[in-house]
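Asks: Have a look at this prediction, sequence included:
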Amino acid sequence: MGCLAGPVVVCAAYFDKLFYLGKSKNLENVNDSKLLSAKRREVIVEELIKIKYFKYKISFCQPKTIDRLNIHKASKLAMKRAVSGLARGTRAMVLVDGLHEIPSLKIKQRTITKGDSKVFVIACASIMAKVYRDKLMAKYAKKYPKYGFEIHKGYGTKQHYAQLMSIGPCAIHRKSFRLL
């Protein structure tokens, strides 16, 4: 959520109980996406999308929406879209990574602080979202080649700040964030 550029991306994930009977060795030691290498995250995503008992929905909010609502509300809006797209007709309980429930969601929820390091399904959803966003930022790097999005993915690195000082923000920068 703390990037200077690009959308906030979330993923809702669901495992049928049969998933756990044939869990792949490639899914052992799944953890918080920030603690895994890009290559490891990609292996996990490739494995997950092959499993018929795994369902997911990715959603996002663009920088203009983030600027209009704020990052917290925009991320919750994206979460609501993802969960609503996945949970139709189910009696699921939503496990939310973080402190705050998803507003206006008519499904039972439970918040879990640092859930992506504690709960397997949350970790998987986090990894799915991170891989999706990283690929999206690589595409933006081709459209906006002077920023180095393929390297820093829109985060506030020294290189990114240097580019902002030199050439200013582009269309995918979050104007409500302190860019300079």
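Replies: Yes, it's here.

Asks: Please tell me how far Ile51 sits from Leu164.
Replies: According to CB to CB, to the nearest Å, Ile51 and Leu164 sit 41 Å apart. All C-beta atoms are positioned from the backbone trio N, CA, C, and that covers glycine.

Asks: Mind listing the residues bridging to Tyr56?
Replies: Beta bridges link Tyr56 to Ala13, judged by DSSP bridges.

Asks: Could you report the pLDDT at it?
Replies: Turning to Tyr56, the model gives it a pLDDT of 96.

Asks: residues in contact with it?
Replies: Counting by CB atoms under 8 Å, 6 or more residues apart in numbering, Tyr56 makes contact with 11-14, 48, 86, 124-125, 128.

Asks: can you tell me how far it sits from Lys34?
Replies: The gap separating Tyr56 from Lys34 is 19 Å, by CB to CB.

Asks: could you pull out the strands for the protein?
Replies: Listed in chain order, the strands of the chain (DSSP state E) span 8-15, 54-61, 94-97, 109-112.

Asks: Give me the number of neighbouring residues for Lys142.
Replies: Neighbour count of Lys142, defined by other CB atoms under 10 Å: 9.

Asks: Just the pLDDT at it, thanks.
Replies: pLDDT, Lys142: 98.

Asks: Please apply the same query to Phe15.
Replies: Looking at Phe15, the pLDDT reads 87.

Asks: That one - how many residues pack around it?
Replies: Phe15, neighbours per other CB under 10 Å, totals 17.

Asks: doesn't Phe54 make contact with it?
Replies: Yes - using CB atoms under 8 Å, Phe15 is in contact with Phe54, at 5.8 Å.

Asks: Need the overlap of contacts for the two.
Replies: Taking CB under 8 Å, 6+ apart as the criterion, Phe15 and Phe54 both touch Cys124.

Asks: Give me the pLDDT for the residue lying closest to Leu35 once chain neighbours are set aside.
Replies: Excluding its sequence neighbours, the residue lying closest to Leu35 (CB to CB, 6 or more residues apart in numbering) is Ser117, at 7.4 Å. With respect to pLDDT, Ser117 scores 94.

Asks: Ser117 and Ala171, how far apart?
Replies: For Ser117, the distance to Ala171 (CB to CB) stands at 34 Å.

Asks: Neighbour count for the two, which is higher?
Replies: Neighbours were counted for Ser117 and for Ala171 using other CB under 10 Å; Ser117 has more, 16 against 11.

Asks: Next, work out how far apart the residue nearest to Leu35 and Tyr20 are.
Replies: Relative to Tyr20, Ser117 is positioned 20 Å away (CB to CB).

Asks: ok, now Lys143?
Replies: Separation of Lys143 from Tyr20 (CB to CB): 41 Å.

Asks: ditto for Ala82
Replies: Distance of Ala82 to Tyr20, computed by CB to CB: 22 Å.
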